[in-house]
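>>> Give me a 3D structure for the following:
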Amino acid sequence: MVAQQGRRTETRVLAVAVAGLMCCVAGCSAGRAGAEDARPAAVGTRSGAVSAGVLHRAAAALERAGSARARTSMEMATGGTRVTIRGEGVYDFRKRSGRLTVELPQDPAGAEEHRPITELLAPGALFMKNRGAGVPADKWVRVETATLTDGNLVTGGATDPFAAAELLRGARTATYVGRTEVAGVPVTHYRGIADLDLAARSASEGNREALRAAAKGFATAEVPFDVYLDDEGRIRELRNRFSFVGGQHRGSVAVVSTTRLDDFGVPAPVRLPEPADIFAGKIAETSGFRRPYVFPSPRTSSRGRSRIRPSSSR
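Predicted coordinates:
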């Protein structure tokens, strides 16, 4: 278990066991939302402020869809260095579970090749395989997402797709940008700012505590976003911008997390590890730029703690 405690504006840059990783880089109304809910009343109108209700219903639209293929990217820029981590897999929005293969960037020195990390997403937990740093190749590491100061919105290198959708429950207002296409699918583009505190109060039970942790752990509870909804109100692309301040970096550290969804209804089986398959040993830890824990999470404020429990099991 790794415990961190610090001021809200500090950035966690501890390397926690990813071999060769580089640089630090709504409401619950499910109703029958149709095409009229997913777009402004007049498709051809100019951009302008619209009700955020359509965004609050996006998570429910995904639940109705059942499942989807997910592609993620997470980009961090600090000190003139830019790093991108990409993931791909499937997600079941009704079971709140998914499986992603996360591709890691090359070490800045070019000295090591990284095996992809397999991530299993489940309510309240993240399981990772191929983390390296003393973890046997056949073992999983379990992380309790509510104990991470970012609620695992960035730490795992990919934002849980349903948690990303529930962030939109925190949108107070939104701007209609216009009609466009994502991967050939007609969509409506909205832009706005989500409030993490509001999102946490409106989120499902599985994401509530994680979003509360994120509201405390980030430098600001406001998360700018761009979202593209299809004519059934489902998210086709969602881009969130998170920000860390302080730590051993001067100025802010910007993280852009993008989630793309398609192939709705695809089979998305997820089998969680047995207790015997979860690593119970100590995870190696180093600091600096060369081996951060996928992405660093900000240190928590004095109101909470951030913990990683590799030895715990359900």
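>>> Run through the strands of the stretch 151-300 of the chain in chain order.
With DSSP state E, counting those that start in this stretch as the definition, the stretch 151-300 of the chain shows strands at residue ranges 171-182, 185-195, 222-229, 235-245, 252-262, 285-287.
>>> To residue 137, which of these lies closest?
Put simply, out of these the one that sits nearest residue 137 is strand 285-287, at 19.1 Å, with distance taken as C-beta to C-beta. C-beta coordinates here come from the backbone N, C-alpha and C atoms, glycine included.
>>> quick one on the thing from earlier: of the strands of the stretch 151-300 of the chain, which approaches residue 73 most closely?
Comparing the strands of the stretch 151-300 of the chain by C-beta to C-beta, strand 252-262 comes nearest, at 4.8 Å.
>>> in its sheet, what does the closest one sit against?
Sheet pairing for strand 252-262, assigned by DSSP bridges, gives strand 67-78 (antiparallel), strand 235-245 (antiparallel).
>>> so what strands line up beside the strand or helix carrying residue 99?
Secondary structure here is read from DSSP states H and E; on that basis residue 99 sits in strand 97-103. For strand 97-103, the pairing partners within the sheet under DSSP bridges are strand 81-92 (antiparallel), strand 117-122 (antiparallel).
>>> what's the longest helix in the protein?
Determined from DSSP state H, the single longest helix within the chain is helix 205-217.
>>> Run through this structure and note the low-pLDDT ranges.
By pLDDT under 70, the weakly predicted segments of the chain are 1-47, 78-79, 106-113, 132-133, 244-252, 283-314.
>>> Kindly recompute the last result at 80.
Counting by pLDDT under 80, the low-confidence segments of the chain come to 1-49, 77-81, 105-114, 131-134, 217, 244-253, 281-314.
>>> which residues in the stretch 1-150 of the chain form helices?
Under the criterion DSSP state H, counting those that start in this stretch, the stretch 1-150 of the chain contains helices at 35-38, 53-56, 58-65.
>>> distance of residue 197 from residue 212?
Separation of residue 197 from residue 212 (C-beta to C-beta, to the nearest Å) stands at 8 Å.
>>> Looking at the two, which is more packed in?
Regarding residue 197 and residue 212, a neighbour count based on other C-beta atoms under 10 Å identifies residue 212 as having more, with 19 against 16.
>>> list the contacts for the closest residue to the more buried one other than its chain neighbours?
In this structure, residue 212 finds its nearest non-sequential neighbour in residue 200, 4.4 Å apart by C-beta to C-beta, 6 or more residues apart in numbering. With contact taken as C-beta atoms under 8 Å, 6 or more residues apart in numbering, residue 200 is in contact with 170, 207-209, 211-212, 214-215.
>>> just residue 215 next, same as before
With contacts taken as C-beta under 8 Å, 6+ apart, residue 215 has the following neighbours: 196-197, 199-200, 221.
>>> Over to residue 204?
Remark: with contacts taken as C-beta under 8 Å, 6+ apart, residue 204 is in contact with 28, 59, 96, 162, 166.
>>> again, only using 7 Å
residue 166 (C-beta atoms under 7 Å, 6 or more residues apart in numbering).
>>> Need phi/psi at it.
phi -70, psi 160 (degrees, to the nearest 10).
>>> so how far is residue 145 from it?
Note on residue 204: its distance to residue 145, by C-beta to C-beta, is 13 Å.
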